[in-house]
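>>> What would the 3D arrangement of this be:
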Amino acid sequence: MNNTIRFAASIGRLIVSSDSAPISLTQASLLLLRVVLGTVMIHNGLDKLSDIPSFAEAYVEVIGLPFPIFFAYCAAITELVASPLLALGFLTRPAALGLFTTMLVANYHHILVGGFSIPSIELSSIYAASFAFFAIYGGGKYAIDALIDNMLSKLLSGESTTPQMAKVKISSK
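I've put the predicted structure just below:
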C-alpha cells in the first residue's frame, strides 16, 4: 500500500473513529440520543428556510452579524445537512461541530436579548452540550462512522477487505 493511501486513510480514520467503549446498553443509548437530536433539529432548519428574511431580522441582525441573510442561510443549511448526518452517525464529529456552533450563536442571542434567564437559554444550552459531546466522542459503535473506521483500520493494518482465495498445495505421495 502506498503512503498516499495510508495518509488518506489515517486522516479519514481520525475524522470518523469513535471511542472504544464496549457495545452495550451505553452504545444503544448513544444511538438513541444521536437519532433524537438529529431528527428534532431538522425542523429548526426548515423553520429558518421557510422565512429567511424574518429569521435574519429577528435573530441575526440583533446580534450584530454582518450579512444577515447570508448567515441565516448558513444556519439553516447547517441544521438541514448536519442534523440527518448526526442521526445517521455519518461524519458525526464535523456535523456535531457545525450544530454546536449554531447553538453557541443561539445562546449568545438569547443572553443578549433576555439576559441569563434559564427559560430562554435552557434548550439551546442542552443542545450545545449534546452536540459538543458528539463532536468530541464521535457517533459510537452503532454509527456509519464506526463501519468506516473498521474498514480504514483494516486498510491501515494491511488486511484485505475482500476475501482472498486460499492457496491449496497438492502433493503426490
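>>> What residue, apart from its backbone neighbours, is nearest residue 155 spatially?
residue 9 (4.9 Å; CB to CB, 6 or more residues apart in numbering). For glycine as for every other residue, the C-beta is placed from the backbone atoms N, C-alpha and C.
>>> That neighbour is in contact with residue 152, isn't it?
Yes. Contact between residue 9 and residue 152 holds when scored by CB atoms under 8 Å: they sit 4.8 Å apart.
>>> Which one of the two is surrounded by more residues?
residue 152 (21 against 17; other CB atoms under 10 Å).
>>> and that one, backbone torsions?
phi -70, psi -30 (degrees, to the nearest 10).
>>> how much space between residue 9 and residue 149?
Using CB to CB, to the nearest Å, one gets 10 Å for the distance from residue 9 to residue 149.
>>> what does residue 142 give?
In terms of CB to CB, residue 142 sits 12 Å off from residue 149.
>>> Neighbour count for those two, which is higher?
Neighbours per residue (other CB under 10 Å) separate residue 142 from residue 149, with residue 149 holding more: 21 against 18.
>>> how would you label that one: helix, strand or coil?
Per DSSP: H, G, I helix; E, B strand; the rest coil, the local secondary structure of residue 149 is helix.
>>> Can you list the buried residues in the lowest-mean-pLDDT helix or strand in the chain?
Least confident helix or strand, the chain: helix 3-16 with a mean of 79, by mean pLDDT, DSSP states H and E. Buried residues in helix 3-16, counted by 16 or more other CB atoms under 10 Å: 9, 12-13, 16.
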